[in-house]
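**Student:** coords below, sequence missing:
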């Protein structure tokens, strides 16, 4: 107790000083209008100085991924700053490698625009749009996973690759925030977007999704993501997911069998108990129509009431190891799930001969 009061006073002074400096910069310092150059003149804008680069980009409808709402805690909003960004800040360095720092990679939410600025972003980012939609259907898949379907309003169509994601706008006490969710609807469904969302206790985005009702309006941006399905129908596809990691797998599976009915594809899905199993009957029906589609579900922690389970048990990487032979040629893998699952499956696929360039993964 002797030291508590001085600590509180000192902490209060620091907070007060920080607020005062922030207010002073906004009120007393006028950076005027600055030029924002994107991709060597591909797009040029005039923006108000003093704001963050991320805010300025949002204003001109260039949507950079940012799961934390610009607080500098997710590290997703990376852009290459060629000139005018100032020095790299300590808040950025945990998310940047030394190579990235030398290349000028920065977190857009941490870069303040104080002068004309030139940046470089991936070309596909310039095609990302903001969509308005209404909830068309919701369905509980398990006790903590819901499927939510949106019917697009403006724009009325979306072009997405299997495995990409959107950033859904959710309300919070501090204003709107964005959370990333993989698209589970196949790429040929251009008027609708389907998401599979697990409820995270206290999670802003997941709580919002689980409380949506039919006809509720929603806003999201997208599509984003690095997944790229090989267009060669001779390339075998291996999908491995767990929980809501099913979302990109469902997209890939239905897209593949819409375009290549005879293509070889494996689905490995890990669940703890039968209470966490969903889509199994649907996929079995699809496999009946496409003999080259193999469906393997495994329970890692079966309960007593799971005695009638006739599928596999154990962690899902063991099933991958059991069924995939050691031949890495003409194969591509897509993984989505918790980091331990991703790490274990990556080791198995490496042993099977798959190369890193042929493996795409998303951790959550």
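**Tutor:** That came through, no problem. Here the structure is a predicted model, which means the values were calculated and not measured.
**Student:** C-alpha only now, for contacts and for neighbours.
**Tutor:** OK.
**Student:** which helix or strand lies directly C-terminal to the helix or strand hosting residue 46?
**Tutor:** Applying DSSP states H and E as the criterion places residue 46 in strand 43-48. Per DSSP H and E, strand 43-48 leads on to helix 53-59 as the next helix or strand towards the C-terminus.
**Student:** list the contacts of the following helix or strand past that next one.
**Tutor:** Sequence order places strand 78-83 as the next helix or strand after helix 53-59, per DSSP H and E. Applying C-alpha atoms under 8 Å, 6 or more residues apart in numbering, the contact partners of strand 78-83 are 64, 103-108, 116-121.
**Student:** now with 10 Å?
**Tutor:** 37-40, 53-54, 64-66, 92, 95-96, 100-101, 103-109, 111, 115-122 (C-alpha atoms under 10 Å, 6 or more residues apart in numbering).
**Student:** what residues sit buried inside it?
**Tutor:** 78, 79, 80, 81, 82 (16 or more other C-alpha atoms under 10 Å).
**Student:** which pair of those residues spans the longest distance?
**Tutor:** 78 and 82 (12.8 Å; C-alpha to C-alpha).
**Student:** report the rounded mean pLDDT for the strand holding residue 46.
**Tutor:** Averaging pLDDT along strand 43-48 yields 95.
**Student:** and if you look at stretch 139-147?
**Tutor:** Here the average pLDDT along stretch 139-147 is 96.
**Student:** quote the end-to-end distance of that stretch.
**Tutor:** This stretch, stretch 139-147, spans 5 Å end to end (C-alpha to C-alpha, to the nearest Å).
**Student:** show me how far that stretch is from its chain's centre.
**Tutor:** 19 Å (C-alpha atoms, centre = their mean, to the nearest Å).
**Student:** contacts for that stretch?
**Tutor:** Contacts of stretch 139-147 (C-alpha under 10 Å, 6+ apart): 137-138, 148-149, 184, 194-201, 206, 209-211, 243-244, 247, 274-279.
**Student:** drop anything exposed from those residues.
**Tutor:** Here, 16+ other C-alpha under 10 Å leaves 138, 148-149, 184, 194-199, 206, 209-210, 243-244, 247, 274, 276-278 buried among the contacts of stretch 139-147.
**Student:** out of the contacts of strand 78-83, which are buried?
**Tutor:** Buried among those (16+ other C-alpha under 10 Å): 37-39, 53-54, 64-66, 92, 95-96, 104-109, 111, 115-121.
**Student:** residues near residue 230, how many?
**Tutor:** 14 (other C-alpha atoms under 10 Å).
**Student:** and it, how far from residue 161?
**Tutor:** 11 Å.
**Student:** show the pLDDT at residue 74.
**Tutor:** 86.
**Student:** let me fix that: residue 189
**Tutor:** In this model, residue 189 carries a pLDDT of 96.
**Student:** next: residue 30.
**Tutor:** So residue 30 comes in at 72 (pLDDT).
**Student:** can I assume it is in contact with residue 113?
**Tutor:** No. Using C-alpha atoms under 10 Å as the test, residue 30 is too far from residue 113 to be in contact (11.2 Å).
**Student:** overlap in contacts, the two.
**Tutor:** 48, 49, 50.
**Student:** out of the residues you listed, which comes closest to residue 286?
**Tutor:** Nearest member of the shared contacts of residue 30 and residue 113 to residue 286, counting by C-alpha to C-alpha, is residue 48, at 53.8 Å.
**Student:** so what's the closest one closest to, chain neighbours aside?
**Tutor:** Excluding the flanking residues, the one nearest residue 48 by C-alpha to C-alpha, 6 or more residues apart in numbering is residue 33, at 4.7 Å.
**Student:** the one you found and residue 302: what is the separation?
**Tutor:** Where residue 302 is concerned, residue 33 sits at a distance of 62 Å (C-alpha to C-alpha).
**Student:** now residue 187
**Tutor:** 34 Å.
**Student:** who has more neighbours, these two?
**Tutor:** Just comparing residue 187 and residue 302: by other C-alpha under 10 Å the higher neighbour count belongs to residue 187, 23 against 17.
**Student:** just the helices in the chain please.
**Tutor:** Under the criterion DSSP state H, the chain contains helices at 4-28, 53-59, 98-103, 204-210, 246-259, 280-289, 316-323, 339-351.
**Student:** so what touches the strand holding residue 46?
**Tutor:** Taking C-alpha under 10 Å, 6+ apart as the rule, strand 43-48 contacts 30-38, 53, 55-57, 59-60, 62, 113-116, 118, 126.
**Student:** which of these count as buried?
**Tutor:** Using 16+ other C-alpha under 10 Å, the buried members of the contacts of strand 43-48 are 33-38, 53, 55-57, 62, 113-116, 118, 126.
**Student:** sounds good, over and out.
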